[in-house]
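>>> Provided below for reference: sequence and predicted model.
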Amino acid sequence: MSGFDWNVITSNWQYLAKGLQYTFQVTLVGTIGGVLLGTILALMRLSPVKPLSLFAAAYVNLFRSIPLVFVLLAFYLIAPILIGFFTGRPQPVGADRSAYYTFTIFEAAFFSEIMRSGIQSIPRGQIGAGYAMGFTYSQVMKLVVLPQAFRNMLPVLLTQTIVLFQDTSLVYVISLTDFLGAASKIAQRDGRLVEMYVFAALVYFVISFALSQLVRTLQARFAVKR
């Protein structure tokens, strides 16, 4: 480690911080959008209306069966063509929006399964009690089922968010600069591959480990006492 140059890190900290900020930004958008869309998909999949259930199942199975990098590239390259086909004027989606949309629709498939498991973990007696009180289906879901499901699934949702945080490094394929992308550019420019990649790995480890410890804390706190 005698030749390890810390200066390449300290002298570029603003650029690295900007990349890390973008990584958090994509993670936040993907998580919020994915949870919201995933919840809708979970309710659709549990719906007694067959077309809704089949559509949600097909959506989830499709996106859980293809690589994220493929979806990212397909959305970035093909979406403008499809827009042009339906409107007559191709409109570029842009790299930023492509990343936001891709992580939202892709992660929704995984969040959907988490939410579906959470909803199914609620005793059916509570659902029946809600109906007995005169609640509608939407009221039962909103007031009885979903609050408990979110509470039960919070550790698992956070675990999936950690995976999403790590997956954001794939935005380099559409020329976006996240934290790993910033570290890679500095490494190539200054010829300091070891320093930058070791530093990037440490940052990812520290953040992911801290979040995983939070998951363990939540699991212990929310564990059902039997």
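Sure thing, it's come through.

>>> how many other residues sit next to the nearest residue to Arg64 once chain neighbours are set aside?
The shortest distance from Arg64 to any non-neighbouring residue, by CB to CB, 6 or more residues apart in numbering, is to Ala109 (5.2 Å). Glycine gets a C-beta too; all of them are placed from N, C-alpha and C. By the criterion of other CB atoms under 10 Å, Ala109 has 21 neighbours.

>>> correct me, but Gln91 touches Ile81?
No - using CB atoms under 8 Å, Gln91 is not in contact with Ile81; the gap is 10.1 Å.

>>> Where does pLDDT dip in the protein?
1-3, 85, 90, 222-226 (pLDDT under 70).

>>> what's the longest helix in this structure?
Counting residues, the longest helix in the chain under DSSP state H turns out to be helix 13-45.

>>> re the thing from before, the residue nearest to Arg64 touches Ala57, doesn't it?
No - with contact defined as CB under 8 Å, Ala109 does not count as touching Ala57 (10.5 Å).

>>> which residues do these two both contact?
Counting by CB atoms under 8 Å, 6 or more residues apart in numbering, no residue touches both Ala109 and Ala57.

>>> circling back: check contacts around the residue nearest to Arg64.
Applying CB under 8 Å, 6+ apart to Ala109 gives the contacts 38, 41, 59-60, 62-64.

>>> Would you convert those into a markdown table that also reports distance to Leu146 and secondary structure?
Formatted as a markdown table, those follow (distance: CB to CB, whole Å; DSSP: H, G, I helix; E, B strand; the rest coil):
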| residue | distance to Leu146 | secondary structure |
| --- | --- | --- |
| Gly38 | 12 | helix |
| Leu41 | 14 | helix |
| Tyr59 | 20 | helix |
| Val60 | 18 | helix |
| Leu62 | 25 | helix |
| Phe63 | 22 | helix |
| Arg64 | 22 | coil |
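
>>> Just the buried residues of the residues you listed.
38, 41, 59-60, 63 (16 or more other CB atoms under 10 Å).

>>> got TSV for those, with distance to Thr168 too?
Formatted as TSV, the buried ones among the contacts of Ala109 follow (distance: CB to CB, whole Å):
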residue	distance to Thr168
Gly38	18
Leu41	22
Tyr59	22
Val60	21
Phe63	17
